[in-house]
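1. compute the structure for the input listed below.
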Amino acid sequence: MLSTTKEAYTKITQKAPLVFFTALTIFLATTYCALAEETSVPEVITASPDDQDQAAFLKAMEARAKGDLMEAADIFNNILQNKPLLHRARLELAVTYYRLYDYAEAKALAQSVLDDPKTPPNVRVSVLAFIAQVEKDEKAMAVARHFWKPTVALGWMHDTNVNVGPDSAVVDFGTATVRLAGDATRRSDSAAILIAALNHRYQTGKTVKVGEKNTLLYWQSNASFYRRDYFNEHAYDMDVVSLGTGPALIAIHDWRANLNCQVDALRLGSEKLAYFYSLLPSYTKELRQGSFEITLDGTLTLRDYQREIDAERDSRFTAVQLSFGKRFRNPKMTAQAGGRLFTEDAETGRYSNNGHEVFLAANWTPWTNGSIFGRIKEIQVSYDGPEPLLTTGREDRQNHYTAGISQTLQYKWLKDVNISFEFSQTENHSNSPLYDYDRKQVTLMASKTF
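-> Take a look at the predicted model:
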């Protein structure tokens, strides 16, 4: 899942590119050094490597470059305590506070340089531009608080194994042969799909100090509805209503984290199937200017089944997932690989299980607004309690393959409509012949995010 969550701070970073402020601070520093001998500028640090203040200044710049903003601010403040008229350090401290989102302090430091009548005119112009940009970002953070993103999707799907059944009605266990009812074997059908979702992001305008970082605090919420309506096999129609909310912290160009609380209501056919109550923490660390990401996800779900036949399936599901993402510039491609460990504790051993999953995914953008994607996943599951006609617990290995293509249209009333075609195949191999099955799904979707 690369770059999806960067949207939370895109507006701010677009208005205040890091490159602009890097260039600005270099300009301010070099301008002060160049004009030091020609004007009566307050005391400036010399370039001598033996000078203690120069060494401290370089140490602060290095700390800031590494992202240790609090350490850099402390060093700049110490320099100014010894040499309060050293505006070069004061301006670098202003930029440091800007990156900490402390706009008030950044403006105050820059203004103190402007208030000094000995500040050279060229430097004064650059400082005024800096203050204007800070005020612009401060205003944007204060005004643009609520962001809404509705999405609607319609589609068609053909499913070769709606009920996830074996191919044959006669199942051989070696020591016994079982004949299944007709509706228990593989059944195929087509279905219509409807998806409606609404995502809301609230920019609180507040910051939270985490280690050496001041992070932006957001609150994210989502609501969605999924409907799969089979043309003939209505007993397997599926409805899912999901509601989620939770805080998110973003340290721009460094890391992001969120904690989402979610409730899912599932309906199968005409019956209520289950309620899932989930806690979903996530943390992503960016490396190499955002071209590489490491993500750690967690899941804690209480599964409350509603049908009498599923009374023994109530469970607590926990999982932890580690994934690595890489973005390539040429060709334009993203790749992701990872693994997950999970366990499910149900009321009876037959439904309790644990296992692991590994996956590899890629997305290639060979032309404008178009992409080709694929995903390979393998899941191995071991169940605790014995299955009927088995002397041991059930053991499953599932292989899942997905490939597809999508195109976002840009034609008049079809502008920003995404058309996607996807093929997926699932192969489940089990030591119980009842759970050996093969399933293929072909899906054609049209979606739009407003």
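2. now do the helices in the stretch 51-200 of the chain.
-> Counting by DSSP state H, counting those that start in this stretch, the segments of the stretch 51-200 of the chain that form helices are 52-65, 69-82, 87-99, 103-115, 121-143.
3. of all the residues in the longest one, which ones are buried?
-> In other words, helix 121-143. Using 16 or more other Cβ atoms under 10 Å as the burial criterion, the residues of helix 121-143 that qualify are 123, 126-127, 130-131, 133-134, 137-138, 141. Glycine gets a C-beta too; all of them are placed from N, C-alpha and C.
4. report the distance from the host helix or strand of Met445 to the chain centre.
-> Using DSSP states H and E, the secondary-structure element containing Met445 is strand 437-449. Between the mean C-alpha point of strand 437-449 and the mean C-alpha point of its chain there is a distance of 23 Å (Cα atoms, centre = their mean, to the nearest Å).
5. what's it in contact with?
-> Under the criterion Cβ atoms under 8 Å, 6 or more residues apart in numbering, residues 149-161, 164-167, 186, 193, 195, 416-428 lie in contact with strand 437-449.
6. return the list of strands paired to it, each annotated with direction.
-> Note on strand 437-449: by DSSP bridges, its sheet partners are strand 146-159 (antiparallel), strand 417-430 (antiparallel).
7. residue ranges with poor pLDDT in the chain?
-> Under the criterion of pLDDT under 70, the regions of the chain flagged as low confidence span 1-51, 142-144, 167-183.
8. now, of the contacts of strand 437-449, which are buried?
-> For the contacts of strand 437-449, buried by 16+ other Cβ under 10 Å: 153, 155, 157, 159-161, 165-166, 186, 193, 195, 418-420, 422, 424, 426, 428.
9. the domain parsing of the chain - what is it?
-> Following automatic domain parsing, one finds the domains of the chain at 4-143, 147-449.
10. returning to that earlier point: now distance to Glu92 too, for the strands paired with strand 437-449, in a markdown table please.
-> A markdown table is the format used below for the strands paired with strand 437-449 (distance: least, Cβ to Cβ, whole Å):
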| stretch | distance to Glu92 |
| --- | --- |
| strand 146-159 | 33 |
| strand 417-430 | 45 |
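11. surely Val386 and Thr348 touch.
-> Check again: residue 386 is Pro, not Val. No - with contact defined as Cβ atoms under 8 Å, Pro386 does not reach Thr348; the gap is 10.7 Å.
12. for Ala235, phi and psi?
-> Here the main-chain torsion angles of Ala235 (degrees, to the nearest 10) amount to phi -70, psi -20.
13. burial check on Ile75, number of neighbours?
-> Ile75: 24 surrounding residues under other Cβ atoms under 10 Å.
14. could you do Gly269 as well?
-> Gly269 sits with 13 neighbouring residues when counted by other Cβ under 10 Å.
15. what residues of stretch 186-195 count as buried?
-> Burial within stretch 186-195, assessed by neighbour count using 16+ other Cβ under 10 Å, is assigned to 186-187, 189, 191, 193, 195.
16. quick one: distance of stretch 290-303 to the chain centre.
-> On Cα atoms, centre = their mean, the centre of stretch 290-303 falls 8 Å from that of its chain.
17. pull the most distant pair out of the buried residues of helix 121-143.
-> Taking every pair in the buried residues of helix 121-143 and measuring Cβ to Cβ, the maximum separation is 27.0 Å, between Val123 and Met141.
18. dump the residue contacts of Gly67.
-> Applying Cβ under 8 Å, 6+ apart, the residues near Gly67 are 212-213, 254.
19. if we can go back for a sec, which member of the buried residues of stretch 186-195 is positioned nearest Phe76?
-> Nearest to Phe76 among these is Ile195, at 51.1 Å by Cβ to Cβ.
20. can you pull up the bridge partners for that closest one?
-> For Ile195, the beta-bridge partners under DSSP bridges are Ala153, Tyr226.
21. so who does it touch?
-> For Ile195, the residues meeting the contact criterion (Cβ under 8 Å, 6+ apart) are 151-155, 224-227, 447.
22. tabulate those residues (JSON lines), appending distance to Lys118.
-> JSON lines is the format used below for the contacts of Ile195 (distance: Cβ to Cβ, whole Å):
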{"residue": "Thr151", "distance to Lys118": "57"}
{"residue": "Val152", "distance to Lys118": "62"}
{"residue": "Ala153", "distance to Lys118": "63"}
{"residue": "Leu154", "distance to Lys118": "68"}
{"residue": "Gly155", "distance to Lys118": "69"}
{"residue": "Ser224", "distance to Lys118": "61"}
{"residue": "Phe225", "distance to Lys118": "65"}
{"residue": "Tyr226", "distance to Lys118": "67"}
{"residue": "Arg227", "distance to Lys118": "71"}
{"residue": "Ser447", "distance to Lys118": "61"}
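23. closest to His234 out of those?
-> For these, the closest approach to His234 (Cβ to Cβ) belongs to Arg227, at 12.3 Å.
24. was I right about the closest one contacting Asp239?
-> Yes - with contact taken as Cβ under 8 Å, Arg227 and Asp239 are classed as touching, separated by 5.5 Å.
25. contacts only, for Arg227.
-> Residues near Arg227 by Cβ under 8 Å, 6+ apart: 192-195, 237-239.
26. how about Asp68?
-> Residues touching Asp68, when contacts are defined by Cβ under 8 Å, 6+ apart, comprise Glu212.
27. give the burial count for Glu308, as a bare number.
-> Applying other Cβ under 10 Å, we find 7 other residues in the vicinity of Glu308.
28. most neighbours among the contacts of Gly67, please name it.
-> Most neighbours among these, by other Cβ under 10 Å: Lys213, with 22 neighbours.
29. show me the strands in the stretch 151-300 of the chain, by range?
-> With DSSP state E, counting those that start in this stretch as the criterion, the stretch 151-300 of the chain has strands at 170-172, 177-179, 189-210, 213-230, 238-251, 255-268, 271-287, 292-305.
30. and the fifth one, which strands flank it?
-> Yep, that's strand 238-251 we're talking about. Paired strands of strand 238-251, defined by DSSP bridges, are strand 213-230 (antiparallel), strand 255-268 (antiparallel).
31. check what contacts the last one and list those residues.
-> With contact meaning Cβ under 8 Å, 6+ apart, strand 255-268 is reached by 5-6, 8, 213, 220, 235-250, 272-286.
32. name only those of these that count as buried.
-> Neighbour counting with 16+ other Cβ under 10 Å marks 5-6, 8, 213, 220, 236-240, 242, 244-246, 248-250, 273-274, 276, 278, 280, 282, 284, 286 as buried within the contacts of strand 255-268.
33. state the distance from Leu434 to Val95.
-> Counting by Cβ to Cβ, to the nearest Å, the gap between Leu434 and Val95 amounts to 66 Å.
34. have a look at those two and say which one is more surrounded.
-> Remark: of Leu434 and Val95, Val95 carries more neighbours, 22 against 18, as counted by other Cβ under 10 Å.
35. adding distance to Thr368 as columns, could you present the contacts of Gly67 in TSV?
-> Formatted as TSV, the entries for the contacts of Gly67 read as follows, by distance: Cβ to Cβ, whole Å:
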residue	distance to Thr368
Glu212	40
Lys213	36
Asp254	31
